[in-house]
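In: The sequence and its predicted three-dimensional model are supplied below.
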Amino acid sequence: MTISDLRQRGLILFEAISGSRAYGTHLPHSDTDLKGVFILPETEFYGLDYVPQVANETNDEVFYELRRFVELLLKNNPTVLELLGTPPDCVISRHPLFAAFRAEDFLSKLCRQSFAEYAVAQIRKARGLNKKINHPEPPTRKSVLDFCYVTVGAGAQPVQLWLAHHGYSIAQCGLANVPHLTDLYALFVEDKKAPTATEAWCATPKPPRMCCCRPCRKDRSQWRT
């Protein structure tokens, strides 16, 4: 069921503009949010196909079925209580039956918890957005190699740093499972820098390094095995 279906079947009891455009805090590029309430026919309300909520792909338009709407009102949900206080100029349509719903009939001490939790969630969301704007993530996504390390002495070194330091490319490397050791692989390198008879890959390959890499277990397409 879609919002278009609700309109075509005449099931909408209430529809209004909400969000920033309802309170004059919108910007020229702001989306138009729509909220509303609809009622299902008896056959669908009592059947196995009950639909509590209908929304579009971006959740900018959300309509609650009447029963779900009342359930949220009893919990003092800020989003649905907002609908009962919608400015008259933002109301698109209102069925006469919807006038029976008044905010004062539902307000309780639950507001302290529901509105406080909503406010905290919005603050966290704003802080996350601020962090994303001021400290953007690198434009390129990390690859499997970014999570792989090579044992060096008593420590470990990122595999890409180790390869660059030794002048190797990923095409020269191969992995082999190390029995009984989870996420640990033997890293073999074909050294082409000095292709002597004693160092040639086909004759005496160099001893393997240990490569610790959890993503390698899922995707080793970049490695030769």
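Out: Perfect, thanks for sending it.
In: Past the helix or strand that contains residue 162, which element shows up next along the chain?
Out: Assigning secondary structure by DSSP states H and E places residue 162 in helix 159-166. Using DSSP H and E, the helix or strand that follows helix 159-166 in sequence is strand 173-177.
In: Which SSE is immediately downstream of that following strand?
Out: Note on strand 173-177: by DSSP H and E, the next helix or strand toward the C-terminus is strand 184-189.
In: what's the angle from that following strand to helix 159-166?
Out: 30 degrees (axes from the mean of the first three to the mean of the last three CA atoms, to 10 degrees).
In: could you check the angle strand 173-177 makes with strand 184-189?
Out: 150 degrees.
In: Only alpha carbons, please: show the helix or strand harbouring residue 72 as PDB.
Out: Using DSSP H and E, residue 72 sits in helix 66-74. Taking Å, rounded to 0.1, in the frame of the first residue of the first chain, the C-alpha atoms of helix 66-74 are listed here in PDB:
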ATOM      1  CA  LEU A  66      -5.700   5.300  13.200                       C
ATOM      2  CA  ARG A  67      -5.000   2.600  15.800                       C
ATOM      3  CA  ARG A  68      -1.200   3.100  15.600                       C
ATOM      4  CA  PHE A  69      -1.800   6.800  15.800                       C
ATOM      5  CA  VAL A  70      -3.700   6.400  19.100                       C
ATOM      6  CA  GLU A  71      -1.100   4.000  20.500                       C
ATOM      7  CA  LEU A  72       1.600   6.600  19.900                       C
ATOM      8  CA  LEU A  73      -0.500   9.400  21.400                       C
ATOM      9  CA  LEU A  74      -1.000   7.300  24.600                       C
END
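In: tell me what it is packed against?
Out: strand 33-38, helix 78-84 (3 or more CB pairs under 8 Å, 6 or more residues apart in numbering; DSSP states H and E). The way it works is simple: take the backbone N, C-alpha and C, and place the C-beta from them, glycine included.
In: Packing partners of the first one?
Out: Spelled out, that is strand 33-38. Going by 3+ CB pairs under 8 Å, 6+ apart, strand 33-38 lies up against strand 12-18, helix 20-23, strand 61-65, helix 66-74, helix 78-84.
In: Give me the mean pLDDT for it.
Out: Confidence for strand 33-38, expressed as mean pLDDT, is 94.
In: do the same with stretch 115-129
Out: Here stretch 115-129 scores 82 as its mean pLDDT.
In: One more: stretch 59-72?
Out: 93.
In: hmm, who's touching stretch 101-117?
Out: Residues from elsewhere that reach stretch 101-117 (CB atoms under 8 Å, 6 or more residues apart in numbering): 73-78, 81, 84-85.
In: Selecting buried members of the residues you listed in PyMOL, what would you type?
Out: Burial among these is assessed by 16 or more other CB atoms under 10 Å; the matching PyMOL selection reads:
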select buried, resi 73+76+77+78+81+84
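In: before we move on, the earlier item: would you reformat the helices and strands packed on strand 33-38 as CSV and include distance to residue 90?
Out: Shown next, in CSV, are the helices and strands packed on strand 33-38 (distance: least, CB to CB, whole Å):
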stretch, distance to residue 90
strand 12-18, 4
helix 20-23, 5
strand 61-65, 14
helix 66-74, 18
helix 78-84, 10
